[in-house]
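Asker: pasting a predicted model and its sequence here:
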Amino acid sequence: RAGVRVTWGRHLAAHHEPMKKVSMKDSRFKKGPLEGVRIVDLTTVVLGPYATRILGDMGADVIKVETLSGDQTRHYKPLRHDGMAGYFLNLNRNKRSISVDLKTKEGMKVLTRLLEGAHAFIHNMRQQAADRLGLSYEDVRRVNPDVVYCGAVGFGSAGPYSGRAAYDDVIQAGSGLAAL
């Protein structure tokens, strides 16, 4: 279908195997305290993927939703295989993944179906970008009133810098920490 591509089953970075679909019943995937909890993960780079990795390590079913071109960290050097940088594999282990174009009606239908069965939704987009996509707190709660909504943003949701992206180099420059 246009606008949707399933990229693989589980990230197996810890096992140094090529990406492939594996059964959730595979003995390598041990149960944990968050077994049965489903997380829809729209995070990128470090902050969000690290947080959701911990949830996956604890047994949650984390579904990482990526753009059709994939998370930008897939291509950080060094690469084990094309699109599988060690950095990306480490931060996204114990997750399932799907690529979706959220700017299409079909892509939003896929995300809506995922949200209907989710216990938590986590993103690290600027809140204005999430709102434009129809992923504000109110929008997500209309789909699933019981969902826990987490918007992990660097400058908060209000204030003079709330609309700015918060990458590490931006934070270092703004704080003067890079000069130390």
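Answerer: Good, I have the coordinates. As the structure is a computational prediction, the values presented were derived from the model and not from experiment.
Asker: pLDDT weak spots in the chain?
Answerer: Within the chain, the stretches with pLDDT under 70 are 1-30, 179-180.
Asker: swap in 50 and give it another go.
Answerer: The chain contains residues with pLDDT under 50 at 8-21.
Asker: tell me where it has helices.
Answerer: Assigned by DSSP state H, the helices in the chain fall at 47-57, 86-91, 105-116, 127-132, 137-143, 168-175.
Asker: so which residues make contact with the fourth one?
Answerer: With C-beta atoms under 8 Å, 6 or more residues apart in numbering as the contact definition, helix 127-132 has outside contacts at 123, 136, 139, 151, 153, 157, 162-163. Just so you know, the C-beta spots here come from the backbone N, C-alpha and C atoms, and that holds for glycine as well.
Asker: got the CA positions of stretch 87-95 in CSV?
Answerer: Provided in CSV are the C-alpha atoms of stretch 87-95 (Å, rounded to 0.1, in the frame of the first residue of the first chain):
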residue,chain,number,x,y,z
TYR,A,87,24.1,3.7,16.9
PHE,A,88,20.6,3.2,15.5
LEU,A,89,20.5,-0.5,16.4
ASN,A,90,21.6,0.1,20.0
LEU,A,91,19.0,2.7,20.6
ASN,A,92,16.2,0.8,18.9
ARG,A,93,16.7,-2.8,20.1
ASN,A,94,13.7,-4.7,21.4
LYS,A,95,11.3,-2.8,19.1
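Asker: right, and K95 touches K64 too?
Answerer: Yes - between K95 and K64 there is a contact at 4.7 Å, judged by C-beta atoms under 8 Å.
Asker: need the overlap of contacts for the two.
Answerer: By C-beta under 8 Å, 6+ apart, the residues touching both K95 and K64 are 41, 52.
Asker: if we can go back for a sec, can you tell me which of the contacts of helix 127-132 are in strands?
Answerer: Taking DSSP state E as the definition of strands, the contacts of helix 127-132 contribute 123, 151.
Asker: which of the contacts of helix 127-132 are buried?
Answerer: Neighbour counting by 16 or more other C-beta atoms under 10 Å classes 123, 136, 151, 153 among the contacts of helix 127-132 as buried.
Asker: tell me the contacts of the first one?
Answerer: Contacts for H123 (C-beta under 8 Å, 6+ apart) come out as 42-43, 48, 130, 135, 150-152.
Asker: among the residues you listed, name the buried ones.
Answerer: 42-43, 48, 130, 135, 150-151.
Asker: present those residues as CSV; the columns should include distance to V110.
Answerer: As requested, the buried ones among the contacts of H123 are exported to CSV (distance: C-beta to C-beta, whole Å):
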residue, distance to V110
L42, 12
T43, 17
G48, 19
A130, 17
L135, 13
C150, 20
G151, 20
